[in-house]
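> Okay, sequence plus prediction incoming.
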Amino acid sequence: MVFSTLAKIVSSLVSLYMVLCIIRIFFSWIPSLTDTKWGKLIARLTDPYLNLFRGFSLFRTTAVDFSPIVALAVLSVLNNLFMTLSYAVRITLGFILSLLLDAAWSAISFVLGFFLVISVIRIIGFLARIAVLHPLWQILDGIINPLLFRINKIIYRGRAVQYLQGLITGFVAVLVVRALGGLLVRLLTSLLMSLPI
């Protein structure tokens, strides 16, 4: 009972810290917010953690820094781990394997969800023709275009498509993969949890 309560508290703290990291990331896009009292406080609380991931060149390209996405994915995995542990009645090998599978899917699902959100923002911006040359759109394009390119290459087999069509196709493909992946992981997790050992 004490372990369950402790795991729930840790999960809640991780969720709160995740929200602070998201706020910090959005504040970094608008420097005037970073310079406020709240912006400086949030930066002091979150920058040490976010900087751990900025140190890896693997998470950065010349145009885009993916390290905040990876940092948030790690927090998401931790949150799910502690939440699952808070409901554990008995810890078995099947439980541990299902926990590892769930953690891996949590990270993948988080990245796919982030892609979906960015895609929706980009589609709305494209349809509304909001400052198409603004640097924000270039950042968002830098985040989603590598995956869009791969998806459209598979679906359209190298044929040229309009940007909006490619955006919508990518959004739908990722949405389907996320939904089917979630169903498959839930099925595998329940099978693993039913293992007697």
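Sure thing, it's come through. Residues are numbered from 1 along each chain as shown.
> going forward, measure contacts and count neighbours with C-alpha atoms only.
OK.
> Report the buried residues of the lengthiest helix in the chain.
Scanning the chain for the helix with the most residues, using DSSP state H, yields helix 93-128. Neighbour counts over helix 93-128 (16 or more other CA atoms under 10 Å) mark 94-95, 98-99, 101-103, 105-112, 114-116, 118-119, 122-123, 126 as buried.
> So residue 4 sits against residue 87, correct?
Yes - Residue 4 lies in contact with residue 87 (CA atoms under 8 Å); the separation is 6.5 Å.
> who has more neighbours, the two?
Neighbours per residue (other CA atoms under 10 Å) separate residue 4 from residue 87, with residue 4 holding more: 17 against 14.
> now what about stretch 119-128, what contacts it?
132, 137, 140-141, 144, 164, 167-168, 171 (CA atoms under 8 Å, 6 or more residues apart in numbering).
> Mark which of the residues you listed are buried, thanks.
137, 140-141, 144, 167-168, 171.
> In strands, which of those appear?
The members of those all map outside strands under DSSP state E.
> Break the protein into its domains for me.
As assigned by automatic domain parsing, the chain contains the domains 1-89, 92-197.
> can you list those domains in JSON lines and add mean pLDDT?
Formatted as JSON lines, those follow (pLDDT from 0 to 100):
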{"stretch": "domain 1-89", "mean pLDDT": "82"}
{"stretch": "domain 92-197", "mean pLDDT": "84"}
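> residue ranges of the helices in this protein, please?
Using DSSP H, helices in the chain cover 2-29, 31-34, 37-54, 67-86, 93-128, 135-156, 163-193.
> Would you indicate which residues of stretch 17-26 are buried?
By neighbour count on 16+ other CA under 10 Å, the buried set for stretch 17-26 is 17-18, 20-25.
> Now distance to residue 72 too, for the residues you listed, in a markdown table please.
As requested, these are exported to a markdown table (distance: CA to CA, whole Å):
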| residue | distance to residue 72 |
| --- | --- |
| 17 | 10 |
| 18 | 7 |
| 20 | 10 |
| 21 | 7 |
| 22 | 8 |
| 23 | 11 |
| 24 | 11 |
| 25 | 10 |
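> what sits against the spatially closest residue to residue 110 that is not a sequence neighbour?
In this structure, residue 110 finds its nearest non-sequential neighbour in residue 73, 5.9 Å apart by CA to CA, 6 or more residues apart in numbering. By CA under 8 Å, 6+ apart, the residues touching residue 73 are 106-108, 110-111.
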